[in-house]
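**Q** Here is my input; please provide its structure:
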Amino acid sequence: MNIFEIHPSRAQLVLLIAGHLSLAFAVAVYVEPASLRLPAIALILLLGIRESVQELRQGRFVLHCGRYGCGIALRRGEQPYFYGKYKVYATRWFAILKLTNNGKCRTLILNPDRFESTSSYHRLRYLLRRLEQSGAA
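**A** Residues are numbered from 1 along each chain as shown. Sure thing, here's the model as predicted:
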């Protein structure tokens, strides 16, 4: 049984906040009229707060890989969501999992700190790569 519990990522949250703060700093330095600068900085900071809260609200969910036919299922609480098609974009440090079902898409950025252990993360990457090579995706 291939079940993986996915947690919120601290690294992704830190990068999200750092990106918004650096953009706000760049706007503060390079945008000249104060009438444009202040609203732009406020908007960037509010969007950063909104996205950070969204990231934290996602909470934990469970990813079932290969158990339900050839697809992937995400379960949050008791409600499962089934995805028949998926694509994996792997890099050295993380993997992007794009899930598609009935025209609805969901994208997950998976890195080791979202899992209970790095071995669990590597096991999921191996499993996804093997399923994709077999043509199940």
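**Q** any idea how far S52 is from V27?
**A** Look at V27 and S52: by Cβ to Cβ, to the nearest Å, they are 18 Å apart. Backbone N, C-alpha and C define where each C-beta goes, glycine included.
**Q** I'd like the average pLDDT over the helix ranked longest in the chain.
**A** Ranked by residue count and defined by DSSP state H, the top helix of the chain is helix 34-57. Summarised as a single mean, pLDDT over helix 34-57 is 93.
**Q** in it, what counts as buried?
**A** R37, I41, I44, G48, S52 (16 or more other Cβ atoms under 10 Å).
**Q** Also stretch 79-94?
**A** Buried residues in stretch 79-94 (16+ other Cβ under 10 Å): Y83, Y86, V88, F94.
**Q** In CSV: those residues, plus distance to L13 and secondary structure.
**A** Below are these laid out as CSV (distance: Cβ to Cβ, whole Å; DSSP: H, G, I helix; E, B strand; the rest coil):
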residue, distance to L13, secondary structure
Y83, 25, strand
Y86, 24, strand
V88, 23, strand
F94, 14, coil
